[in-house]
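Student: Need a 3D model of the following:
(chains A and B)
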Number of protein chains: 2
Amino acid sequence: MVTGLLYEFRRHNPENHIPGKDFFYILQYSHSVKIILAIIGPRRSRTKSDAAATLTADYLARASRYLACEAKAFDSEAALFIWLERQATRTAPVLALLDSRGKQFSSEEIAGEILRHRDHGTQTLVLAIGPADGWSGTTRSRAALVLSFGAITLPHELARVVLAEQIYRALTILAGHPYHTGH
Amino acid sequence: MVTGLLYEFRRHNPENHIPGKDFFYILQYSHSVKIILAIIGPRRSRTKSDAAATLTADYLARASRYLACEAKAFDSEAALFIWLERQATRTAPVLALLDSRGKQFSSEEIAGEILRHRDHGTQTLVLAIGPADGWSGTTRSRAALVLSFGAITLPHELARVVLAEQIYRALTILAGHPYHTGH
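Tutor: Next up, the predicted model:
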């Protein structure tokens, strides 16, 4: 099991392999936190959807080299909460909302939040992009974290791409991969 | 000339045509400010380039319904300045930089800046995304405006998409098109 994890890590990160640091990596990657990029609303929209969906899927695929990541679309906030209730086994999923009125995090701080939740035994971390008219007060009160990507308004399809990229970026920061500093 | 502009406006904005408001629109669209999305560095990068380039081109094409808009790539900051010097005819182009250390603008404020420059007779407004290692101090001192899209770090290819979308969004805000409020 441990050998398998290490093999997987080396295979995906040949540039990051540091002899003697294997145990650190095994510890780092043997935790089971899973990241869900949740979307409320239509899965696709009009003409730009293919390109935006391609970018989102690409960043999540790259993020999956580090931790299990997937996108899930929900018809409504209620549907998200039904799904969250069903997931709650040993530990309840942690819900973080993307909202323009939230707190602004740098990419390093987003990485810090993911690390903190993994170290606190969170099994599922849900990062959610709201419906077109914003999150309800009820949802906001149930979230562990409300984060903002700044003062500009982004369309949902672009917010998904940016969130997927930030998840990938955060995981490369935690792994010491040069993606964040190198480009 | 005026009839041609009005025809163009109506053709591209059938949903926005309000009888009696034609004179307003003629005034609004007869100014000649042109927006350049300038990029320092490689025009494309690796696997995600096609999807990001598609999104950028799509937003700029939509923005071009309102004002002349185009993307231009420069090899270096020096190449950008050589080009800027050549453009300076009656009025010098106005340079606005995208930089994480800049001032955060909301989408409405970006629209306000475009309006302000158009009303002040700016012929060319250059919105520029910097090289990988950030703008030089010299370039920053020559810019009319340094704006930031928030605390997160974005890869250049995504910054281009977001900037193109913000240009389109700003022009819809100025035109009263429901894109900004409707999604």
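
Student: List the strands paired with the helix or strand hosting A:L95, with their directions.
Tutor: With secondary structure defined by DSSP states H and E, A:L95 is part of strand A:94-104. Take DSSP bridges as the rule and strand A:94-104 pairs in its sheet with strand A:124-129 (parallel), strand A:145-148 (parallel).

Student: Averaged pLDDT, it. What do you get?
Tutor: The predicted model assigns strand A:94-104 a mean pLDDT of 93.

Student: Taking chain A, what residue is nearest to chain B?
Tutor: Nearest residue of chain A to chain B, counting by Cβ to the nearest Cβ: A:G150, 2.2 Å away. From N, CA and C alone the C-beta is placed, and that goes for glycine too.

Student: Give me the phi and psi for the nearest residue to that residue once chain neighbours are set aside.
Tutor: Among residues not flanking A:G150 along the chain, B:G150 sits closest, at 2.2 Å (Cβ to Cβ, 6 or more residues apart in numbering or on different chains). Dihedral pair for B:G150: phi 110, psi -180, per degrees, to the nearest 10.

Student: For B:G150, grab the count of nearby residues.
Tutor: 18 (other Cβ atoms under 10 Å in any protein chain shown).

Student: near chain B at all, stretch A:155-168?
Tutor: Yes: counting by Cβ under 8 Å from any Cβ of the partner chain, contacts between stretch A:155-168 and chain B involve A:155-156, A:158, A:161-162, A:165-166.

Student: Let's see that stretch as CSV, backbone CA atoms only.
Tutor: These are the backbone C-alpha positions of stretch A:155-168, laid out as CSV (Å, rounded to 0.1, in the frame of the first residue of the first chain):
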residue,chain,number,x,y,z
PRO,A,155,-19.3,34.3,-14.9
HIS,A,156,-19.9,30.9,-13.4
GLU,A,157,-18.1,29.0,-16.1
LEU,A,158,-15.0,31.1,-15.6
ALA,A,159,-15.3,30.9,-11.8
ARG,A,160,-15.2,27.1,-12.2
VAL,A,161,-12.0,27.2,-14.2
VAL,A,162,-10.4,29.6,-11.7
LEU,A,163,-11.4,27.5,-8.8
ALA,A,164,-10.1,24.3,-10.4
GLU,A,165,-6.8,26.1,-11.2
GLN,A,166,-6.6,27.3,-7.6
ILE,A,167,-7.1,23.7,-6.3
TYR,A,168,-4.4,22.5,-8.5
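
Student: Can you pull the poorly scored residue ranges out of chain A?
Tutor: A:1-31, A:42-49, A:88, A:90, A:182-183 (pLDDT under 70).

Student: Contact residues of it facing chain B?
Tutor: Contact residues (Cβ under 8 Å from any Cβ) of chain A with chain B: A:47-48, A:50-52, A:54-55, A:58-59, A:104-107, A:109-110, A:132, A:148-156, A:158, A:161-162, A:165-166, A:169, A:180, A:183.

Student: Residues touching the strand holding A:L95, excluding its own?
Tutor: A:84, A:113, A:117, A:122, A:124-130, A:134-135, A:139-140, A:142-151, A:153, A:159, A:163, B:150-151 (Cβ atoms under 8 Å, 6 or more residues apart in numbering or on different chains).

Student: Among these, name the buried ones.
Tutor: Among those, those classed as buried by 16 or more other Cβ atoms under 10 Å in any protein chain shown are A:84, A:113, A:117, A:122, A:124-130, A:135, A:139-140, A:143, A:145-151, A:153, A:159, A:163, B:150-151.

Student: Need the buried ones from the residues of chain A next to chain B selected in ChimeraX.
Tutor: For the buried members of these, the matching ChimeraX selection, counting by 16+ other Cβ under 10 Å, is:
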select /A:48,51,52,54,55,58,59,105,107,110,148,149,150,151,152,153,154,155,156,158,161,162,165,166,169,180
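
Student: Return the subset of the residues of chain A next to chain B lying in helices.
Tutor: A:50-52, A:54-55, A:58-59, A:107, A:109-110, A:156, A:158, A:161-162, A:165-166, A:169, A:180 (DSSP state H).
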